[in-house]
Every structure is written in structure tokens, then in C-alpha cells.
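Asks: please work out how this folds:
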Amino acid sequence: MSVENIRVGSIVRVINDAFRFFGYQGVVVKIAHDENPDGPVGVQFPTWYGRIFDYPDPLNSVVRLDVNDLRVEERFDEIPLDVFLKRLFGRMGVWTVNRPSYPLIPGDTECMHEGCEEKAWFAILVNVFGAVTEFYTCPDHTHYHGVCCDGFPMKKV
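Replies: Modelled structure (predicted):
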């Protein structure tokens, strides 16, 4: 792969099994052509990967890697759903996860919030007393993501 295929903001996975970061995903935060021996691509890993950090790379640091050690990916998908939900909603119990019966097609699917006719761009998770439900929303209604509440004001179908 060449550096042209990686951009700031790209989600990448480390594919070189010689590194402690092997298999983990991060976000490209800089690309520098400064002859750094570790490589030109500066990657920052999510805080939930805290167990992989140690000297000399503390949590939230930027780790430099070579483009040949990385694979560009679509999204963060490493963290198991149950761990993600526990971190998102804290101690509130989660007994079930409900998903819509149709896939999100960003910019084509309609926002599920009542009274909204905008297109949905995001999949959010809302905890209604332990029943976590995924909703597709426009940017204006993403503030419900991670909320534990009595219910999401959803359109009648």
C-alpha cells in the first residue's frame, strides 16, 4: 500500500504481527514525511485499548508506523458489543439489543425520529431500561446516542 491510500481520519488496523499493536485499530492523525525510522503515519488508538500501552507510548499518544504495517478499514469493530454497551451506559444493566429490520444506508434511509423528514446518516444506541435499541438518525438527533431514558420518540410505522 502507498501513503496516498491513507489519509488523516482513516481508520486503520495494524497488520504487522511483530508489533504489540498487531490486530488493533486506530485513527490516522498525521502523515509526516520527516524520515522518522518508525514510518510516516501517525496513528492514535482508542482509550479502550489501554492495556496495550506502555513505555514509550502512553495512552492517547501518537504511534508512528509504516504504511506497509497498516490496512485501511471502514469502521471500529474490534471492541465486543457487550463491553461497548457497558462503557457507553455505565452500570445500567443491558438485557437485550434490538436492531432495525433493515440496514442503514447513509443519506438514503430516513431519520427514525418522529416529525423528522431528514435523511439518516448515523446509527445510535439508546437504552430504554435495559433494552438497547439501535436507531438511524440525522445529525440533529444523534444527541440520543448513549442515553438511558424512558424511550426514543420514534416515528409511527
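
Asks: only C-alpha atoms for contact and neighbour calcs from this point on.
Replies: Fine.

Asks: for Arg91, give me the pLDDT.
Replies: Per-residue pLDDT puts Arg91 at 57.

Asks: downstream neighbour of the helix or strand of the chain with the lowest mean pLDDT in the secondary structure list?
Replies: Here the helix or strand of the chain ranked lowest by mean pLDDT, DSSP states H and E is helix 81-89, holding a mean of 64. Going down the chain from helix 81-89, the next helix or strand is strand 96-98, by DSSP states H and E.

Asks: who's in contact with that following strand?
Replies: By Cα atoms under 8 Å, 6 or more residues apart in numbering, the surrounding residues in contact with strand 96-98 are 130-134.

Asks: neighbours of Cys111, how many?
Replies: Neighbour count for Cys111, taken as other Cα atoms under 10 Å: 27.

Asks: and Gly42, what's its pLDDT?
Replies: For Gly42, the predicted pLDDT is 93.

Asks: quick check, it in a strand?
Replies: Yes - under DSSP: H, G, I helix; E, B strand; the rest coil, Gly42 falls within a strand.

Asks: is it true that it touches Asp34?
Replies: No - contact between Gly42 and Asp34 fails when scored by Cα atoms under 8 Å: they sit 11.6 Å apart.

Asks: neighbour-wise, which of those two wins?
Replies: Gly42 (20 against 8).

Asks: now do the strands in this structure.
Replies: 11-14, 25-31, 41-44, 62-65, 70-73, 96-98, 122-128, 131-137 (DSSP state E).

Asks: restrict the last one to CA atoms and write it as CSV.
Replies: Yep, that's strand 131-137 we're talking about. The C-alpha coordinates for strand 131-137 follow below in CSV (Å, rounded to 0.1, in the frame of the first residue of the first chain):
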residue,chain,number,x,y,z
ALA,A,131,-33.4,-2.8,26.2
VAL,A,132,-30.8,-1.2,24.0
THR,A,133,-32.2,-0.3,20.6
GLU,A,134,-30.4,0.9,17.5
PHE,A,135,-32.0,3.9,15.7
TYR,A,136,-31.0,5.6,12.5
THR,A,137,-30.9,9.4,12.8
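
Asks: who touches Phe122 in this structure?
Replies: Taking Cα under 8 Å, 6+ apart, we find Phe122 in contact with 104, 106, 136-139, 142.

Asks: need those in a markdown table (columns: pLDDT).
Replies: Listed next are these as a markdown table, based on pLDDT from 0 to 100:
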| residue | pLDDT |
| --- | --- |
| Leu104 | 82 |
| Pro106 | 82 |
| Tyr136 | 92 |
| Thr137 | 92 |
| Cys138 | 91 |
| Pro139 | 89 |
| Thr142 | 88 |
